[in-house]
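[1] no sequence on this one, just coordinates:
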Ligand SMILES: Nc1ncnc2c1ncn2[C@@H]1O[C@H](COP(=O)(O)OP(=O)(O)OP(=O)(O)O)[C@@H](O)[C@H]1O
Ligand SMILES: C[C@@](O)(CCO)CC(=O)[O-]
Ligand SMILES: [Mg+2]
């Protein structure tokens, strides 16, 4: 990785999506949740700008805008916001940015129909993070993703984490590696990803949370935390515990293709909790117990299930025509997934498409639940470690035959990483 002596360089940051194994929604109300990084990434690239302007390119949303920096400067009505302070995290407030909402609305209205959905929140979060971290420095910013947008896999958090990291690296708040000696060649196909310095990774997470607040309204912080730090984590009231799982986690993710919006779903659950505080409180408590049990199970070494005296607990379960061995932990985890899904249905965030996937997989004795905010989006299906690839194929064919798309997830990998390249 290298930066030219002239200081002209391009930075890239990639941040993973996530799956929530247990505890979504209730976590907003202070309970425990368990989540893991997903091996699909959002990448933010920043290169030197031209003509004293800022270019924002968001291909997934159909946004491509070029703003003269003067135009952005006019949005900054508070003198203290003119000096970027990347090391000092601040929150967006409409009163401090009285002209931003109308500006963004005008920009988004001028975009194509594809560009309209979700673009307002993404552009608002961008302008807030850009001016707060980089100030009025010309730059060209592109954010692209392997994640489906708005499908429960943490696309908003990955967007905020990747963008924040790239901005902090471009502003040099995150240190870039050694400059190469003059004349050193840097090959473009030698991209190496580096973990963000331990001292700066908390700063990334805090800024990304502020971006998530703009997109989500009331995020718990679990999504940006998992995207930033990676691996498998337990999250409760801002406390993060990295889990050293003993159990290989294998799952299928199915996208219902039903569009939804996390901000609206979280707000809906909040309103229901106000209408029925005792009943909703009891459900949140049950979800908390489930998440805690999931934590215990994940940290317990696998034990092969045995037949009970009367044969009630089986060591192998039928999956279509193919028998599958499940461990005691896998059987218990399946029960918890079923219970969690039932409770999520109870708080009003399931959907017919989600339930129909749960039914399809139940025929194979596999358990499924929505993941993320629900209301559509993605469903996870636990796959026993020993389930053969032929059996997984059968399940996939059945799910896809009903018009959904699914894939086997890679989970529990790294968090945010950076890369940097000299620009000639
Ligand atoms: N690649 C991207 N480019 C631009 N904006 C994005 C991108 N990914 C996500 N966003 C922003 O995040 C919004 C979707 O966030 P939302 O929280 O509703 O769904 P999600 O994060 O995919 O799911 P969940 O929050 O349930 O995990 C988009 O409408 C957009 O504002
Ligand atoms: C629905 C929710 O619990 C998870 C979204 O991935 C919201 C949040 O925790 O911010
Ligand atoms: Mg989100």
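    Yes, it's here. Model, not experiment: these values are computed from the prediction. Ligands and ions are numbered 1, 2, ... in the order given.
[2] Run a quick neighbour tally on the residue of the chain found nearest ligand 1.
    Of all residues in the chain, the one sitting closest to ligand 1 is residue 118 (2.0 Å; C-beta to the nearest ligand atom). Just so you know, the C-beta spots here come from the backbone N, C-alpha and C atoms, and that holds for glycine as well. Neighbourhood size, residue 118 [other C-beta atoms under 10 Å]: 22.
[3] do the same with residue 52
    Residue 52 is flanked by 11 other residues according to other C-beta under 10 Å.
[4] Return the residues in contact with it.
    Going by C-beta atoms under 8 Å, 6 or more residues apart in numbering, residue 52 touches 68, 69, 70, 138.
[5] Over to residue 153?
    With contacts defined as C-beta under 8 Å, 6+ apart, residue 153 is in contact with 17, 18, 19, 38, 40, 147, 253, 371, 372, 377, 378.
[6] give me the subset of these touching ligand 2.
    When contact is defined as C-beta under 6 Å from any ligand atom, these meet ligand 2 at residue 372.
[7] Widest-spaced pair of the contacts of residue 153?
    Put simply, by C-beta to C-beta the two of these set farthest apart are 40 and 377, 14.1 Å from each other.
[8] which of these two has more neighbours?
    More neighbours surround residue 377 than the other of residue 40 and residue 377, with 28 against 22 (other C-beta under 10 Å).
[9] any idea how far the more buried one lies from residue 371?
    Distance check for residue 377 against residue 371: by C-beta to C-beta, to the nearest Å, it reads 8 Å.
[10] Quick check: neighbours shared by those two?
    What both residue 377 and residue 371 touch, as defined by C-beta under 8 Å, 6+ apart, is the set 152, 153.
[11] So which of the contacts of residue 153 sit within strands?
    Among these, the members falling in strands are 17, 18, 19, 38, 40, 253, 378 (criterion: DSSP state E).
[12] Any chance of those in CSV with pLDDT as columns?
    Formatted as CSV, these follow (pLDDT from 0 to 100):
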residue, pLDDT
17, 98
18, 98
19, 98
38, 98
40, 98
253, 98
378, 98
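[13] chain center to the longest helix that the chain contains, what's the gap?
    The longest helix of the chain (DSSP state H) is helix 277-298. Offset of helix 277-298 from its chain centre (C-alpha atoms, centre = their mean, to the nearest Å): 22 Å.
[14] what does that helix rub up against?
    Outside of helix 277-298, the residues within contact range by C-beta under 8 Å, 6+ apart are 21-23, 25-26, 29-34, 232, 234, 243, 245-247, 249, 269, 272-273, 329, 332-333, 336, 339-340, 343, 346-347.
[15] swap the cut-off to 7 Å and go again
    The contact list for helix 277-298, computed with C-beta atoms under 7 Å, 6 or more residues apart in numbering, reads 21-23, 26, 29, 31-34, 232, 234, 243, 245-247, 272-273, 329, 332-333, 336, 339-340, 343, 346-347.
[16] Make a PyMOL selection of whichever of those residues turn out to be buried.
    Of the contacts of helix 277-298, the buried ones can be selected in PyMOL as follows, counting by 16 or more other C-beta atoms under 10 Å:
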select buried, resi 21+22+23+26+29+31+32+33+34+232+234+243+245+247+272+273+329+332+333+336+339+340+343+346+347
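[17] Now go through the contacts of helix 277-298 and say which are in strands.
    Using DSSP E, the contacts of helix 277-298 in strands are 21, 22, 33, 34, 232, 234.
[18] and those as JSON lines, adding distance to residue 283?
    Below are the ones in strands among the contacts of helix 277-298 laid out as JSON lines (distance: C-beta to C-beta, whole Å):
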{"residue": "21", "distance to residue 283": "18"}
{"residue": "22", "distance to residue 283": "13"}
{"residue": "33", "distance to residue 283": "14"}
{"residue": "34", "distance to residue 283": "17"}
{"residue": "232", "distance to residue 283": "24"}
{"residue": "234", "distance to residue 283": "19"}
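[19] any idea which of those residues is closest to ligand 2?
    Ligand 2 lies nearest to residue 33 out of the ones in strands among the contacts of helix 277-298, by C-beta to the nearest ligand atom, at 6.8 Å.
[20] before we move on, back to that, which among the contacts of residue 52 end up buried?
    Using 16+ other C-beta under 10 Å, the buried members of the contacts of residue 52 are residue 69.
[21] now for the contacts of residue 52, which pair is the farthest apart?
    Maximum pairwise distance in the contacts of residue 52, criterion C-beta to C-beta, is 11.4 Å, between 70 and 138.
[22] residue ranges of the helices in the stretch 251-400 of the chain, please?
    262-275, 277-298, 328-346, 352-362, 389-401 (DSSP state H, counting those that start in this stretch).
[23] Tell me the residues of the chain that contact ligand 3?
    Residues of the chain lying close to ligand 3 by C-beta under 5 Å from the ion are 156, 262.
[24] which residue is nearest the centroid of the chain?
    Compute the mean C-alpha point of the chain, and by C-alpha atoms, centre = their mean the closest residue is residue 154, 2.3 Å away.
[25] Name the nearest residue to it, ignoring sequence neighbours.
    residue 18 (4.0 Å; C-beta to C-beta, 6 or more residues apart in numbering).
[26] dump the residue contacts of the one you found.
    Residue 18 makes contacts with 35, 36, 37, 38, 153, 154, 157, 223, 226, 227, as judged by C-beta under 7 Å, 6+ apart.
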